Structures are given as structure tokens and as C-alpha cells.
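J.: Only the shape, not the letters, is given here:
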């Protein structure tokens, strides 16, 4: 994945990327104009995301509005 698929399709830009821990979809963060990761979470009822930024290993729950440390999730940027 090279970026937020929704932003790419719309010709938009993103700030940071988040990966859905339910289905693996990559979307942009809420600091991005499209806020596609949280929109996907609400639409699909997939509340958990992980940072898709290299070097970051944190996750977030949109329902509880809380950060999580989930070190054993499959992630393309974790070794």
C-alpha cells in the first residue's frame, strides 16, 4: 500500500496512515482532510486501527477513544 486508497482515488493528500486491524484497509488519520480511517471504522464497524507509519507500533480504539499497545498484531512495518 502506497497511501490512503480513498485519497489516491480522489486526488487528495493525507498526513498519516492508519491500518484497520479487522480487514487491513489503510486510510488516512483524522489530521488529514479526508479522515478516511475513522470514516471506515464507523461505516464498517471496525473500531481498531494501528499506525501504518514506519517505526510506530501503537493502536487505537475509536469506540473507547483510547490508545492501545498491541505488539503481536500482523503489520507490514513490524519485523
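T.: Everything's here; your move. In this text, all values refer to a predicted model and were calculated from it rather than measured experimentally.

J.: for the longest helix along the chain, packing partners?
T.: Criterion DSSP state H: the longest helix present in the chain is helix 36-44. Helix 36-44 sits against strand 17-20, strand 26-28, strand 48-51, with contacts defined as 3 or more Cβ pairs under 8 Å, 6 or more residues apart in numbering; DSSP states H and E. For glycine as for every other residue, the C-beta is placed from the backbone atoms N, C-alpha and C.

J.: mind redoing it with 10 Å?
T.: helix 5-10, strand 17-20, strand 26-28, strand 48-51, strand 59-61 (3 or more Cβ pairs under 10 Å, 6 or more residues apart in numbering; DSSP states H and E).

J.: So what touches that helix?
T.: With contact meaning Cβ atoms under 10 Å, 6 or more residues apart in numbering, helix 36-44 is reached by 4-7, 9-10, 12, 14, 16-23, 25-30, 32, 35, 46-49, 52, 60-63.

J.: Emit the PyMOL select command for whichever of the residues you listed are buried.
T.: Under the burial definition 16 or more other Cβ atoms under 10 Å, those of the contacts of helix 36-44 that qualify are selected in PyMOL by:
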select buried, resi 4+6+7+14+17+18+19+20+21+25+26+27+28+29+32+35+46+47+48+49+52+60+62
